[in-house]
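Student: Make a model of this:
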Amino acid sequence: MRDFITCTVRLELYRALCLMTHAPIETKERHVIWRQMAVIAVASSIVSIARPTIAVDIWLSEIGQVGAGVQVDDRLFSRCAAIDSVVNQEIYLWFQLDTSDPADLAAIDLNVISTDPSIIEFTGATVHNPVSASGNRWELVDEDVNLTTPSEMIGFGGFNLSSGTGLGASGIGSDSQYDSLADAWLTATLTYDIVLTSGSGSTDLFLEIGNNGISGEDALGVPVASSSIDVLFGDDTTSLNAATDRETHVGQNSDGTIEAGDFDGDHNADCSVDLSDLNLVLFNWNQPETMLPPIWINNVPAFPTTVGLIELNAVLFNWGSSYPFVGSPAPEPSSVAMLLIALGFVGHSFWRRSL
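Tutor: Have a look, this model is predicted:
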């Protein structure tokens, strides 16, 4: 319908201009035509204003799989990374669009900034480009990010020229990396190394709209410019405009934090030593580095060493600790004793089944 109205407005404007330039017109008729042109100009403005605003939520997450429990409301990424073992670690970027507005994003350009270059260095970005029923999500992906400053990953994303489905309504049900439970799209994987070599420290992460902005299409295929796209990063409460707020995070909340230090026992890097770390040890007992799940991040046993008493003791003697670990109280003797008793039963049962 909007295409029809736009076409009609243009035809009427063209007809009026032809009358003005190619036919002798009386003064009265000329006034009538000017009024028609004024009405047409107003109608054209209304059509332009009527184009929808696309609302986009973008956040960082530790979850990089569809159906693995990514939560739209849990949008503040936090990780505690051991300085002696973390390289090629991954952060995942998720998008959510307002599904009440059947529009798509046709092009995205993003930056991610670390505030302390002494903590981490970014090493690259992988822009996901699954094939759906209508073709690739993106016709072109830009993964050749500018890493001249390793703490700034500048200019990654994807865009379409004519036929890519993009992100949004057209991909629901056919895009393999659309998470229906979260109503969100897994969009990119970002990689980094810990470069801190001693002591401890932290860096905040900020997402930015890139220099080329973000654009889209409405349900009728009419282009939606960056000026009509509002972006909400992480747990911010104020949206950014994709045209006027590019390459800035001034006044925005941090979109994530990476702590670096000596985090003995915090194998899954969630900044606490608890049952999840104990389970990692028990369910991967005697496994080499190559067989460990991706969520085992800190203090990975170097090949050919396998998971054993070193990793178990790290959990037991740091039980209940949370960042910062420096000066954290030792676990209560009773809690350690209870754990050891429990492990005794587990080990006893395991060995009996093995005989």
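Student: Leu275: how many residues sit nearby?
Tutor: Around Leu275 there are 11 other residues, counting by other CB atoms under 10 Å. Placement of C-beta: from N, CA and C, glycine included.
Student: Kindly report the same for the one 4 residues further on.
Tutor: For Asn279, the count of nearby residues is 13 (other CB under 10 Å).
Student: One more: Ser151?
Tutor: Summarising burial for Ser151: neighbours were counted as other CB under 10 Å, giving 20.
Student: Same check on Ile119?
Tutor: Other residues near Ile119 come to 24 when the count uses other CB under 10 Å.
Student: Looking at Ala337 now. What's its pLDDT?
Tutor: Listed pLDDT for Ala337 reads 48.
Student: same question, Val70
Tutor: 88.
Student: Please give me every residue in contact with it.
Tutor: Val70 is in contact with Ser61, Ile63, Tyr92, Trp94, Asp179, Ala182, Ala184, Leu186, counting by CB atoms under 8 Å, 6 or more residues apart in numbering.
Student: how far away is the closest residue to Leu280 other than its chain neighbours from Val307?
Tutor: Residue nearest to Leu280 in three dimensions, not counting chain neighbours: His267, with 4.9 Å by CB to CB, 6 or more residues apart in numbering. Here the distance between His267 and Val307 works out to 9 Å (CB to CB, to the nearest Å).
Student: Find the residues that touch each one of these two.
Tutor: Residues touching both His267 and Val307 (CB under 8 Å, 6+ apart): Val281.
Student: Which of these two has more residues huddled nearby?
Tutor: Between His267 and Val307, counted using other CB under 10 Å, His267 has the larger neighbour count: 27 against 23.
Student: Quickly find the element holding the more buried one.
Tutor: Secondary structure assigned from DSSP states H and E places His267 in neither a helix nor a strand.
Student: list the contacts for the residue nearest the centre of the chain?
Tutor: Most central in the chain under CA atoms, centre = their mean is Leu93, positioned 1.9 Å from the mean C-alpha point. For Leu93, the contacting residues are Ile58, Trp59, Leu60, Ser61, Leu110, Leu186, Thr187, Ala188, Thr189, Leu190, taking CB under 8 Å, 6+ apart as the criterion.
Student: wait, doesn't the third one sit right on Leu205?
Tutor: Yes - here Leu60 reaches Leu205: they are 6.5 Å apart, a contact under CB atoms under 8 Å.
Student: Pull the number of nearby residues for Glu217.
Tutor: Neighbours of Glu217 under the rule other CB under 10 Å: 20.
Student: Return the distance of it relative to Asn286.
Tutor: Looking at Glu217 against Asn286, where the rule is CB to CB, the gap reads 54 Å.
Student: Same list (the contacts of Leu93) but as a markdown table, adding pLDDT and distance to Ile295.
Tutor: Listed next are these as a markdown table, based on pLDDT from 0 to 100; distance: CB to CB, whole Å:
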| residue | pLDDT | distance to Ile295 |
| --- | --- | --- |
| Ile58 | 95 | 23 |
| Trp59 | 94 | 19 |
| Leu60 | 94 | 16 |
| Ser61 | 91 | 13 |
| Leu110 | 96 | 25 |
| Leu186 | 95 | 17 |
| Thr187 | 95 | 21 |
| Ala188 | 96 | 19 |
| Thr189 | 95 | 15 |
| Leu190 | 94 | 17 |
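Student: List just the nearest of those to Asn318.
Tutor: Ser61 (25.6 Å; CB to CB).
Student: what bridges to the closest one?
Tutor: Taking DSSP bridges, one finds Tyr92 as the beta-bridge partners of Ser61.
Student: what about the protein, any weak spots by pLDDT?
Tutor: Segments of the chain classed as low confidence (criterion: pLDDT under 70) are 1-52, 73-76, 84-86, 99, 323-355.
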